[in-house]
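Chemist: One predicted model, sequence on top.
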Amino acid sequence: MDTKAKMSSSYRVRQIITNIFVHVFLAVLSIIWVLPVVWVVLKSLTPKKSVGIFPDSLSFENYIKLFTDTAVLNFPKMFMNTFIIAIFSCMVSTVFVLCVSYCLSRLRFSLRKPFMNMAMILGLFPGIMAIVAVYYIIKSLGLSEGPMIRVALVLIYSAGAGLGFYIAKGFFDTVPRALDEAAMIDGATKWEVFTKVTIPLSKPVIVFTVLTAFISPWVDFIAAKVICRAESEYFTVSIGLWQMLSKEYIGSWYTRFAAGAVCISIPIALLFLYLQKFYVNGMGGAVKG
């Protein structure tokens, strides 16, 4: 009896030590993860003349000048350009991904598996490898000048979105086919099955698709830089932030760069906070027939 009690006591001690070690390790990782974010926020609130990591006083001067001082770098214009491009790219990409995913999940047709294998192989290569060819295609279509630059960027970000169907397809595979059959027996068409049965049950994957489709054009730099070139009127925020760190601007725009970094994170955070409630949903959202 004493031996069993000692073994039990020893096991509890080891478990307590392990839990303490895990909590300390996670706390250290949390600090490492949060520290850069805190540093950027503090730097964005640092007056221009302040020196050091922790400023003596906090000010919104950088945010005010970022949106009012547009003589050199027009950040509000860049912000709106990016917002418009990201919104339209998000809508088109989401439709493409959901439609392609549903077709590959529910329909059976020739060359279905070869297409999926080809898409998987193409996904192994970064899309930026084709940026030169894409630019010449865009130029030949007359979309590389003036306001058509926005259209060109929307096409670039959304045209190949359908190839990223694997996650959504995997989710659609988990939706019982019996629901589709029951709806079709009641007279529903395949489109009605898709929109009134499958889509209401697929809110988590729709949220994931919307977030990824919005974030990609929002933070992209290379494609935007190649297509915009020297057309400063159509610059996106990523190009603007890059210019703030160039040799000629870094002295006066460094703290405003931090303010810009905080500003571009706000739409993504708000979008996630709004959409996260749709992660938790059940069968009650479907409308059969």
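Modeler: Noted; the coordinates are in hand.

Chemist: drop to CA atoms for contacts and neighbour counts, all remaining ones
Modeler: Noted.

Chemist: hey, where'd the strands end up in the stretch 101-250 of the chain?
Modeler: Along the stretch 101-250 of the chain, counting by DSSP state E, counting those that start in this stretch, no stretch forms strands.

Chemist: which residues in it form helices?
Modeler: Assignment of helices within the stretch 101-250 of the chain using DSSP state H, counting those that start in this stretch yields the ranges 112-123, 131-140, 148-159, 166-174, 177-185, 190-193, 199-201, 203-219, 222-228, 237-244, 250-275.

Chemist: how big is the angle separating the third one from helix 131-140?
Modeler: In other words, helix 148-159. Orientation check (axes from the mean of the first three to the mean of the last three Cα atoms, to 10 degrees): helix 148-159 against helix 131-140 gives 130 degrees.

Chemist: name the helices or strands packed onto helix 148-159?
Modeler: When contacts are defined as 3 or more Cα pairs under 8 Å, 6 or more residues apart in numbering; DSSP states H and E, helix 148-159 packs onto helix 75-106, helix 222-228.

Chemist: Give the burial count for the nearest residue to Ile215 once chain neighbours are set aside, as a bare number.
Modeler: Counting by Cα to Cα, 6 or more residues apart in numbering, the nearest residue to Ile215 once its immediate chain neighbours are dropped is Ile268, at 7.1 Å. Other residues near Ile268 come to 15 when the count uses other Cα atoms under 10 Å.

Chemist: One more: Thr46?
Modeler: 26.

Chemist: Now do the same for it: helix, strand or coil?
Modeler: coil (DSSP: H, G, I helix; E, B strand; the rest coil).

Chemist: For it, which residues are in contact?
Modeler: Residues near Thr46 by Cα atoms under 8 Å, 6 or more residues apart in numbering: 55, 57-59, 62, 255.

Chemist: where in the stretch 151-289 of the chain is pLDDT low?
Modeler: Along the stretch 151-289 of the chain, segments meeting pLDDT under 70 span 279-289.

Chemist: what about 80?
Modeler: 230, 247-252, 275-289 (pLDDT under 80).

Chemist: circling back to that earlier point, distance to Leu66 and mean neighbour count for the helices and strands packed on helix 148-159 - can I get that in a markdown table?
Modeler: Listed next are the helices and strands packed on helix 148-159 as a markdown table, based on distance: least, Cα to Cα, whole Å; neighbours: other Cα atoms under 10 Å:
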| stretch | distance to Leu66 | mean neighbour count |
| --- | --- | --- |
| helix 75-106 | 6 | 20 |
| helix 222-228 | 21 | 19 |
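
Chemist: For Lys277, find the nearest of the ones you listed.
Modeler: For those, the distance to Lys277 is smallest for helix 75-106, at 18.5 Å, taking Cα to Cα.

Chemist: The closest one vs helix 250-275, what angle?
Modeler: 40 degrees.

Chemist: let's have the chain start at 31 instead
Modeler: Yes, from this point I'll number from 31; that puts the last item at helix 105-136.

Chemist: Determine the angle, from 0 to 180 degrees, between helix 105-136 and helix 233-249.
Modeler: Going by the same axes, to 10 degrees, helix 105-136 makes 140 degrees with helix 233-249.
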